[in-house]
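Peer 1: Quick one, structure for this:
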Amino acid sequence: MAAIDQQASATTQRAHHAQSAQRMDNSAAHRVVIVGGGVGGLGLATRLSESLGRAGLAQIVLVDRWPTHFWKPLLHEAASGQLDPATHQLQYAVQAQRHGFEFEQGELTALDRAERHITLSALHDADGREILPARQIAFDTLVLAMGSVTQYFGVPGAAEHALPLESVAHAEAFRRKLLDACLRANHARRAQTAHAATPVSINIIGAGATGVELAAALRDTVRLLNRYSPFSLDPVRDFRIRLIESSGRVLPALSETISARAQRMLASLGVEVLSATRVTEVRADAVLTDGGAPLASDIAIWTAGISGPPVLRTLDGIAVNRNAQIQVNRTLQCTNDPNIFGLGDCAACPADDAGAFLAPRAQVAHQQALFLARALKCRIAGEALPGFVYRDAGTLVGFGREGTIGSLSNSLLTQPVFVDGWLATAVYKLIYRRHVMTLTGFARMALDTASHWLRRRVHPVIRLH
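Peer 2: All right, here's what the predicted structure looks like:
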């Protein structure tokens with residue numbers, strides 16, 4: 001389905017590419033090119049188009065290698081099969097038409113800072129035929145919002161045998177492997193083979209928010225799969241879900257109170273937590289650690305760390321740190337080129353004067369997009385740029401049917417407030433709805449919410465194919 005969507009979107013682009021390029025070439029407006037259509041990039045393109053674009057002060061161009069946008073905090077639900085990503089994706093071409101910006105599908109391969117243009121790779125269909133050639137796109141202001149990629153820290157076999165969770169394609173690959181493992185295990189029990197008593201082993205490497213939420217979602221999934229005969233395995237006896245964390249506790253970036261509560265909730269779900277355990281090698285059928293014997297592994301997934309996309313290291317002298325993140329200052333401008341901005345996971349943004357940097361989180365990207373929507377107005381008007389100030393709104397971690405825990409904070413509170421129960425769950429769900437409303441408006445968000453509510457009552461709550 002993703003390949004069909006990509007081919008259809010690219011074919012549409014090919015039909016309009018020549019006239020779009022001509023329109024860009026003839027425009028005297030300030031050209032803002034945004035590379036990356038994630039939380040920050042797409043939100044920024046939408047806001048700038050509704051303000052500077054409609055006023056004729058700027059031309060906004062969004063670039064992404066995929067044809068659709070998906071909110072990454074939902075990837076664990078897609079991977080566990082409890083959410084159909086096709087019903088939560090937003091087509092960039094549709095968003096561009098509705099809000100008045102240009103969309104170019106392609107992957108960034110090069111940057112010429114002197115000439116102020118970027119190069120996109122050629123786009124090919126599923127048979128390898130070229131749809132669009134390699135292209136150059138000129139800019140006056142370039143915003144790099146390219147997100148992040150999985151960091152394997154050089155662990156042998158990790159890149160080959162541990163799935164990442166960066167995109168819908170990765171979530172679908174994990175879900176497919178899970179269903180296949182369940183079918184094999186169910187057949188072994190029915191046929192009473194030598195492996196009949198062996199549980200399906202799922203190893204999640206990294207107990208940050210993504211790993212913890214995935215582990216909890218998988219416990220819900222195996223319970224739901226038990227209803228259907230091809231997957232009629234005992235949710236407790238026939239599955240072994242492990243969280244492996246190198247630090248001393250789960251959710252190490254959050255408070256000890258939240259971490260301790262999360263540990264108890266994982267234990268109640270039957271998730272095995274191996275803290276202070278470092279993975280030394282990943283094999284096709286096992287995960288090796290410094291803690292003892294190899295751990296059996298039907299599926300391994302790596303959620304232990306991220307870095308900037310490797311292409312950032314190759315872009316015409318752009319300053320990056322050792323984690324391949326763009327080095328930016330308080331205005332989010334690249335430290336060695338004021339015409340280039342960085343936001344979101346791919347940017348190393350100062351958090352304070354002591355040398356700390358903001359963590360790669362969706363709310364950071366969201367706030368940076370809001371900031372740049374204002375700051376670029378100042379830039380085009382020839383005014384001094386303000387400095388970005390991050391305001392932590394707290395963190396929530398979902399545990400499926402067990403609920404949600406976390407902390408909330410704002411400028412009126414002297415310190416974050418721990419929350420759980422219905423309030424935490426309601427806020428957790430509203431965060432995504434706010435994101436949808438930001439992109440589509442209240443009316444479409446309301447209709448989208450109603451359609452998802454109806455869908456969950458008509459269709460199975462778990463994807464079985």
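Peer 1: hey, where'd the helices end up in the stretch 151-300 of the chain?
Peer 2: 158-161, 168-191, 209-225, 256-269 (DSSP state H, counting those that start in this stretch).
Peer 1: Now the nearest residue to L396 once chain neighbours are set aside: which helix or strand?
Peer 2: Leaving aside its sequence neighbours, L396 sits nearest to G406 (Cβ to Cβ, 6 or more residues apart in numbering; 3.6 Å). Every C-beta, even on glycine, is put in place using the N, C-alpha and C of the backbone. Assigned by DSSP states H and E, G406 belongs to strand 404-408.
Peer 1: Note down every partner strand of that strand and its orientation.
Peer 2: strand 394-398 (antiparallel), strand 417-420 (antiparallel) (DSSP bridges).
Peer 1: any low-confidence regions in this structure?
Peer 2: Along the chain, the model assigns pLDDT under 70 to residues 1-27.
Peer 1: so what's A296 bridging to?
Peer 2: Bridge pairing for A296 - DSSP bridges - gives A286.
Peer 1: ok so, going back, winner for burial among the helices of the stretch 151-300 of the chain?
Peer 2: helix 209-225 (a mean of 24; mean count of other Cβ atoms under 10 Å).
Peer 1: sorry, back to before: can you say which of the strands paired with strand 404-408 is packed in most?
Peer 2: strand 394-398 (a mean of 21).
Peer 1: how far out from the middle of the chain is that strand?
Peer 2: 16 Å (Cα atoms, centre = their mean, to the nearest Å).
Peer 1: and E272, what are its bridge partners?
Peer 2: With DSSP bridges as the rule, E272 is bridged to R242.
Peer 1: For burial, what's the neighbour tally of it?
Peer 2: Residues lying near E272 (other Cβ atoms under 10 Å) number 15.
Peer 1: Surely it and R242 touch.
Peer 2: Yes - look at E272 against R242 with Cβ atoms under 8 Å: they come within range, at 4.7 Å.
Peer 1: Quick one: closest of the strands paired with strand 404-408 to L44.
Peer 2: strand 394-398 (22.9 Å; Cβ to Cβ).
Peer 1: ok, back up a step: and the strand holding G406, what's buried?
Peer 2: In terms of neighbour count (16 or more other Cβ atoms under 10 Å), strand 404-408 has its buried residues at T404, I405, G406, S407, L408.
Peer 1: Same check on stretch 97-111?
Peer 2: The neighbour-count criterion (16+ other Cβ under 10 Å) identifies H99, F101, E102, F103, E104, Q105, G106, E107, L108, L111 as the buried residues of stretch 97-111.
Peer 1: Can you list which of those are found in helices?
Peer 2: The helices, defined by DSSP state H, take in H99 from the buried residues of stretch 97-111.
Peer 1: Closest one to T314 out of the buried residues of stretch 97-111, please.
Peer 2: L111 (8.5 Å).
Peer 1: Alpha carbons of the strand holding G406, as CSV, please.
Peer 2: Provided in CSV are the C-alpha atoms of strand 404-408 (Å, rounded to 0.1, in the frame of the first residue of the first chain):
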residue,chain,number,x,y,z
THR,A,404,-1.2,6.5,31.5
ILE,A,405,1.3,8.1,33.9
GLY,A,406,3.6,11.1,33.8
SER,A,407,4.0,14.7,34.8
LEU,A,408,2.5,18.0,33.7
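Peer 1: in the protein, which residue is closest to the centre?
Peer 2: Nearest to the mean C-alpha position of the chain, by Cα atoms, centre = their mean, lies K72 at 3.0 Å.
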